[in-house]
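1. Could you look at this predicted model? Sequence included:
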Amino acid sequence: MKRLDLKLIFLSSLVSILIIGAYALYSSSNERQRQADRLDGQANSLIYALSQAAIGPILYDDFPALQNISDTFLARIEEIAFIKIELSANRRTVVLSGPVLSARQSVKNYTQTIEVDAGFPLGTITMGMWTDPIKERIEERVQSLILILGMMVLFIIITHFILISTMVRRPLRQLSSASIRIGKGDLDSDISLPGQDELAMLAATLDSMRISLKKSKEELLRQNKINRDELLALVDEKTEDLVIARHEAENANQAKSDFLATMSHEIRTPMNSVLGAIEMLRRQSMPNNQQKLVDAISFSSKILLHIINDILDLSKIEEGKLKLVSERVDLHRLVEELVSLMAPDAQQKNLQLHYTLDPQLPPTLLGDPTRLSQVVWNLLANAIKFTKQGVITVEVQQVGCRESGVDVLFEVRDTGIGIPLEKQQSIFDPFVQVDASISRLQQGTGLGLTICKRLVEMMGGTMEVESTWGVGTVFRLFIPFEKGVDWVEKPQTAKRPSVPPLSLLLVEDELVSQEIVSTLLADEGYGVVVATSGAEALEKVSQQPFDIILMDLRMPHMDGFETTRRIRALKDPRLAQTKIIAFTGDVMKETIERCKANQMDGVIAKPVDITEINRVLLSFDRLSPAGKVWVGF
């Protein structure tokens, strides 16, 4: 029951039923007691009269007369069930009147002693009185009582229903409707009930609450308007501060990018001259002691270049500007080439370098071979660097297979110095090294493992380390690969094409770099013309066509982008197939995008690597239109 009026009717009816029921039980109990007392009085009177009538016949042993008296009592009084008279002398029954009783018949026995004088008993009379009539009278009385009480209960229920509906239900509905209106925000309608009872007082209280809520609402609206105006003013102020802070952060980030780009260019440009000069020296015959000096300079220069690359890679990763490519990867060939590349360094330290490849690995997978090689190379370089003696092992296993690809486990295991347990997680943080004294001996920035871990995570994999100090270290890479389409590798072409040498225009404002790069290119068989500025480059291309233009980007007065735009704007048919390749130390993503936007055909990063220059230059088709083939980053 959910309605209050029904609950009230139910409770009141229940109370009435309980009260009337208790009264019925009480009346029934009284009626039973009254009928029992009546039966006892009647029985005592009858048995006394019978005992007095039996004295004479007993004294004269007139047993037929005694029998006659007993039968007369039994015949005239229907409540008597039986009469039994026993003599005291010999304890024998001389009179027995009445039918044979069954077990179902209810009889109450009464006993009376037959005495002439006190203390001189003649015998005993036992009289049985029927109790069934009494029970029937009691049941009739109770049934009548129940009928009367039931009608009273029904009357009470109907009366309560009418009274509650009139006096409670209707006012409660009015109060409920008023409460709903208040809940919906209607605070203008008055709430009142006639009379002075509790419901009227509740209505008055509810109306007082309505008035109070109305005042509170008006005050709240007023205060909200004030707060809203203040908040809007504060939001405007904070928004302005946030805009300023965002601009400052963007400016700081741009300044950082500009600094890295400038640093990259300003360091790579002289490094271009250094490494170019080293390459030129290597091509000349010289004594062993001088060759060792050249090797030392080359080794130190490559370390410096590696540090620069690590810093730029980490910056790209942190800014989300480093993008992975999806190309065909031959893990067998990749690992074999890396081990072959690192084998001389291992042999120099008398270390054994082994590798194991799972034969179940598919021949072709999809991934970023350059970044994967960077990760494995870095782990191998660290293993060789921190291992004095023993074995270094590379193991590649297929540990999972999916419909679209496989999961591959790379393990690089060494017997080096190991990593203390407390430092095994921090080694993946930037600029963290296990032992600073060792890093001073072995060189390094502490960025290699940071970059490796983040590259692996970008590939969708994980990188773990297990190490024991003084025993060795195992690095594990779990990397998922997609399956690729098998292909047949074309035979390697010769270094020089069987076509006339390419004509090159080298646009470079740095004189040392001009001399070294132009000399290296000339030694490779290219026809090289040098321009020291953008204006001179425009003059050169107007005089003769070139197959390829190597364009420095940072030059005074007219940079490489502006020079490229002006060359493309010449609309000279002789320049239709001319490829313009950026030759720069700034390889930031923004710079690469600007190169593409300005119709350049590729990028070659400083410092000079003659092998890379040959690969890029020989990859172009002389007949392909400018801007249709992109080579580089």
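-> Arrived safely, thanks for sending. The shown structure was predicted, so the numbers you read here are calculated from the model rather than taken from an experiment.
2. Shouldn't residue 466 be within a helix?
-> No: remark: residue 466 does not belong to a helix; assigned using DSSP: H, G, I helix; E, B strand; the rest coil, it is strand.
3. For burial, what's the neighbour tally of it?
-> Residues near residue 466, counting by other C-beta atoms under 10 Å, number 13. In short, each C-beta sits where N, CA and C put it, glycine included.
4. Now do the same contact list for it.
-> Taking C-beta atoms under 8 Å, 6 or more residues apart in numbering, we find residue 466 in contact with 473, 474, 476.
5. Can you convert the residues you listed into JSON lines and add a column each for distance to residue 425 and pLDDT?
-> Shown next, in JSON lines, are these (distance: C-beta to C-beta, whole Å; pLDDT from 0 to 100):
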{"residue": "473", "distance to residue 425": "14", "pLDDT": "92"}
{"residue": "474", "distance to residue 425": "15", "pLDDT": "93"}
{"residue": "476", "distance to residue 425": "14", "pLDDT": "93"}
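6. Now the residue minimising distance to the centre of the chain. Its backbone dihedrals?
-> Against the mean C-alpha coordinate of the chain, by C-alpha atoms, centre = their mean, the closest residue is residue 460 at 19.3 Å. As for residue 460, its main-chain torsions (degrees, to the nearest 10) stand at phi 90, psi 10.
7. Pretty sure residue 477 is one of the things it touches, is it not?
-> No: the criterion here is C-beta atoms under 8 Å, and residue 460 misses it with residue 477 at 11.4 Å.
8. Report how many residues lie close to residue 471.
-> Neighbour number of residue 471 under other C-beta under 10 Å is 12.
9. Backbone dihedrals for it, both of them.
-> Backbone torsions for residue 471, taken as degrees, to the nearest 10, come to phi -110, psi -50.
10. likewise residue 478?
-> Backbone torsions for residue 478, taken as degrees, to the nearest 10, come to phi -110, psi 110.
11. and if you look at residue 108?
-> Residue 108 adopts backbone torsions of phi -110, psi 130, taken as degrees, to the nearest 10.
12. so what's residue 353 closest to, chain neighbours aside?
-> residue 346 (4.1 Å; C-beta to C-beta, 6 or more residues apart in numbering).
13. and the one you found, how far is that from residue 109?
-> Distance of residue 346 to residue 109, given as C-beta to C-beta, to the nearest Å: 125 Å.
14. Compare these two and say which one has the larger neighbour count.
-> Taking neighbours as other C-beta under 10 Å, residue 346 and residue 109 compare with residue 346 leading, 19 against 12.
15. how about that one, secondary structure?
-> What three-state DSSP gives for residue 346 is helix.
16. for it, what are its contacts?
-> 352, 353, 384, 392.
17. Sort out which of these are in strands and list them.
-> Among the contacts of residue 346, DSSP state E puts 352, 353, 392 in strands.
18. For residue 65, state which of those residues is nearest.
-> residue 392 (142.6 Å; C-beta to C-beta).
19. Hmm, the closest one is touching residue 386, no?
-> No: using C-beta under 8 Å, residue 392 makes no contact with residue 386, being 10.2 Å away.
20. Those two: which is more packed in?
-> Counted by other C-beta under 10 Å, residue 392 and residue 386 do not tie: residue 392 has more neighbours, with 24 against 19.
21. just the buried members of the contacts of residue 346?
-> Neighbour-count burial (16 or more other C-beta atoms under 10 Å) applied to those gives 353, 384, 392.
22. which of these lies closest to residue 67?
-> Taking C-beta to C-beta as the measure, residue 67 lies nearest residue 392 of the buried ones among the contacts of residue 346, at 136.6 Å.
23. Identify the bridge partners of that closest one.
-> Assessed by DSSP bridges, residue 392 has beta-bridge partners residue 353.
24. and it, what does it touch?
-> Shown in contact with residue 392 (C-beta under 8 Å, 6+ apart): 346, 351, 352, 353, 354, 380, 383, 384, 412, 413, 414, 415.
25. Let's have those residues in a markdown table, adding distance to residue 201 and pLDDT.
-> Shown next, in a markdown table, are those (distance: C-beta to C-beta, whole Å; pLDDT from 0 to 100):
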| residue | distance to residue 201 | pLDDT |
| --- | --- | --- |
| 346 | 99 | 90 |
| 351 | 98 | 92 |
| 352 | 100 | 92 |
| 353 | 97 | 92 |
| 354 | 97 | 92 |
| 380 | 91 | 92 |
| 383 | 90 | 91 |
| 384 | 94 | 91 |
| 412 | 87 | 95 |
| 413 | 88 | 94 |
| 414 | 90 | 94 |
| 415 | 93 | 92 |
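26. mind checking which helix or strand residue 85 is in?
-> Residue 85 belongs to strand 80-87 when assigned by DSSP states H and E.
27. Equivalent analysis for residue 341, please.
-> helix 331-348.
28. Check the offset of stretch 518-531 from the chain's centre.
-> 61 Å (C-alpha atoms, centre = their mean, to the nearest Å).
29. returning to that earlier point: closest one of the ones in strands among the contacts of residue 346 to residue 421?
-> residue 392 (21.9 Å).
30. Quick check: the closest one vs residue 478, distance?
-> In terms of C-beta to C-beta, residue 392 sits 20 Å off from residue 478.
31. remind me which residues of the stretch 51-200 of the chain are low pLDDT?
-> Applying pLDDT under 70 to the stretch 51-200 of the chain flags the ranges 89-95, 97-105, 118-119, 167-169.
32. was I right about residue 182 contacting residue 210?
-> Yes: using C-beta under 8 Å, residue 182 is in contact with residue 210, at 5.7 Å.
33. any shared contact partners between these two?
-> Common neighbours of residue 182 and residue 210, counting by C-beta under 8 Å, 6+ apart, are absent.
34. if I pick residue 467, what's in contact with it?
-> Going by C-beta under 8 Å, 6+ apart, residue 467 touches 418, 419, 421, 424, 473, 474.
35. change it to 7 Å
-> 418, 419, 424, 473, 474 (C-beta atoms under 7 Å, 6 or more residues apart in numbering).
36. repeat for residue 58
-> Contacts were defined as C-beta under 7 Å, 6+ apart; by that measure residue 58 touches 66, 87, 114, 122, 123.
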